[in-house]
Structures are given as structure tokens and as C-alpha cells.
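Participant: sequence? don't have it. structure:
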């Protein structure tokens, strides 16, 4: 696949988002363009959740403002607490370079609400230990992609719906869900 065939956005786990942050020394933040475009308060999180590793972008929903690494890590921490999906975006001229990460939800973000919005699935996938799963349903309720359901007293994973964001693994109280590389499928 050549460089220009990749969608601008892709999904990653919070650990991958942390690795992206740790690769950079300078950070900028802007309001989420989706949240601003919605014209009302987001039910899920604060409005300034688009993190940039370069100041060459104009910002999605507001002008960029410079922030410290500590502030960038606090945005990542809030994304964990609010169960936001990490959605990095590639440089439009060289899609091998990641220019930043948006932290998205299903209340306002276009890639949840607009079926035409293209976004690559993450490079990890969930692996559920069905022996440990107690069918509490927390992962079912929080999966934005409707990739999990309980049917006939069994956890069903709909792999084609899964974007591989890792939220299910983060919130599982039984630690029955792990994220593993897709090559290990």
C-alpha cells in the first residue's frame, strides 16, 4: 500500500498513545472540531482533546496552544478516565508520520456518527479469556463499535465491528480481556 492510500486517521490503544507522546518533546492542543461543530457541550468529556506533535496544523476546532508534556499526559489520563478512543492522525504529505492524537467519543465525533468517515483499525486485537469472563456486561455497554454482546449466557465478540481501541481491556474488572498483536490471530 503506498503512502497516500492510508486513511488520515487510525485507532490505537492508550499504551500506543503514550508511546507516541513519549516520542516527542513539544505539544500543542486544540478544541475538538467535532465537539465545536456539534454546537453543544459534549456529554463525554472536555472540549480540548486534540493533541498535536507539530504546530504546522491550524487546529481542528480552535487555534493551537502550546502545552507541556505534563499537560499532554493529563489529556491522555483524562481520555482513560472518560473512556475515549485514541485516534491518531497522519501527516497529509507523509502518512508514515503521525502528527497527533485526537481522543474521541460517540457523543460528537464524526468517525462514530458518520459511516463515510474512514479510519484504520488498530494493530492490536482483543483476546477474551471466556473462562475468566463473568458476563458483567461492562465491556458491552462501553463498546462504541457494538463489537461485544451477551447472548445465551455467552460473550460474543463481533470481530468485524471491532476497531481494536482497547477500551474493553481497560475497563474489564476481571482482567479477562487482553490486547494482542493482530499477527497473533
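Facilitator: In hand now; what should we look at? Here the structure is a predicted model, which is why all the values come from computation and not from measurement.

Participant: got the buried residues for stretch 178-185?
Facilitator: residue 179 (16 or more other C-beta atoms under 10 Å). Backbone N, C-alpha and C define where each C-beta goes, glycine included.

Participant: and the contacts of it?
Facilitator: Applying C-beta atoms under 8 Å, 6 or more residues apart in numbering, the contact partners of stretch 178-185 are 13, 15, 123, 124, 125, 126, 127, 129, 164, 166, 169.

Participant: buried subset of these as a ChimeraX selection?
Facilitator: What follows is the ChimeraX syntax for the buried subset of the contacts of stretch 178-185, where burial is set by 16+ other C-beta under 10 Å:
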select :13,124,125,126,164,166,169
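
Participant: what's the farthest-apart pair in the contacts of stretch 178-185?
Facilitator: 123 and 129 (20.9 Å; C-beta to C-beta).

Participant: mind listing what residue 148 touches?
Facilitator: Applying C-beta under 8 Å, 6+ apart, the residues near residue 148 are 139, 140, 155, 156, 157, 158, 168.

Participant: and after whichever strand or helix holds residue 72, which helix or strand comes next?
Facilitator: Using DSSP states H and E, residue 72 sits within helix 69-81. Reading on from helix 69-81 to the C-terminus, the next helix or strand found by DSSP H and E is strand 85-90.

Participant: right, and the helix or strand after that next one?
Facilitator: strand 98-104.

Participant: what about that following strand, average pLDDT?
Facilitator: The average pLDDT within strand 98-104 is 93.

Participant: who touches that strand?
Facilitator: 9, 12, 17, 20-21, 28, 32, 34, 45, 49-54, 56-57, 60, 75-76, 78-79, 82, 84-91, 109, 111-112.
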